[in-house]
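Asker: model the structure of this input:
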Amino acid sequence: MPASRDQTTRALNGFLAEIERRAYRMAQVALGHDDDALDAVQDAMIQLARSYADRPPAEWRPLFYRILDNRIRDMRRRRVVRGRVMAWLPWNSNEADETPDPVALAPDPAPGPGATAEGDEMMAALEAAVQKLPERQRQAFLLRSLEGLDVAETAAAMGCSDGSVKTHYSRAVHNLRKQLGEFWT
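Answerer: The predicted structure is shown next:
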């Protein structure tokens, strides 16, 4: 018996709530900009809800990450084009974007700097190393490690074979170990 519209909506809302933070973190690492990451995740969620809500829930995860990957790729392309166009303009277009965010300037209620300094340093090194990976390796690493997708789901999300996922993931782990040796020895 097919699920009712209300059941499907609840299931989709639950799915989106479950993956929201991890997807945002993945987009943040891939794009390096909080607002762009938020836009990419929101666009991917809207696209999934509009176009694929009627699909079985088991298909949502790979579909969502495929959509998110496309949004990230589109945003990178826009940055390149915008950079080329803005370079010719006589003013600095980034001045308006440099207004400090009062929320970002508010003190963090987290533990003091001594308690988290080492963890922060390690995470910063990991993020920098992940950003240096080739795109397909970064995709495979983030989907497998951060999101916890299996090989088949990752292959569906990336649009490639299971073997390609295994290869990209293996190379990503090898490259990360090579880059982060000083932190994880």
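Asker: lowest-pLDDT helix or strand in the protein?
Answerer: Using mean pLDDT, DSSP states H and E, helix 102-105 stands out as the lowest-scoring helix or strand of the chain, at a mean of 61.
Asker: all the helices of this protein, in order from the start?
Answerer: For the chain, the helices defined by DSSP state H occupy 5-31, 34-52, 57-86, 102-105, 113-132, 135-141, 151-158, 162-179.
Asker: how about residues contacting the second one?
Answerer: This means helix 34-52. With contact meaning CB atoms under 8 Å, 6 or more residues apart in numbering, helix 34-52 is reached by 12, 16, 20, 23-24, 27-28, 30-31, 59-60, 63-64, 67-68, 71-72, 75. For the C-beta atoms, the positions are set from N, CA and C on the backbone; glycine is no exception.
Asker: mean pLDDT lowest for which of the helices of the chain?
Answerer: Between the helices of the chain, the one with the least mean pLDDT is helix 102-105; it has a mean of 61.
Asker: the closest residue to E127 other than its chain neighbours and R55: what is the separation?
Answerer: Nearest residue to E127, sequence neighbours excluded (CB to CB, 6 or more residues apart in numbering): V29, at 5.5 Å. Distance of V29 to R55, computed by CB to CB, to the nearest Å: 27 Å.
Asker: so between the two, which is more surrounded?
Answerer: Comparing V29 with R55 by neighbour count (other CB atoms under 10 Å), the higher total belongs to V29, at 19 against 13.
Asker: A129 is in contact with the more buried one, correct?
Answerer: No - at 10.3 Å, V29 does not count as touching A129 under the criterion of CB atoms under 8 Å.
Asker: next, give phi and psi for S161.
Answerer: Main-chain dihedrals, S161, degrees, to the nearest 10: phi -80, psi 160.
Asker: for A23, which non-adjacent residue is closest in space?
Answerer: V41 (4.9 Å).
Asker: distance of the one you found relative to Y24?
Answerer: As for V41, its distance to Y24 is 5 Å (criterion: CB to CB).
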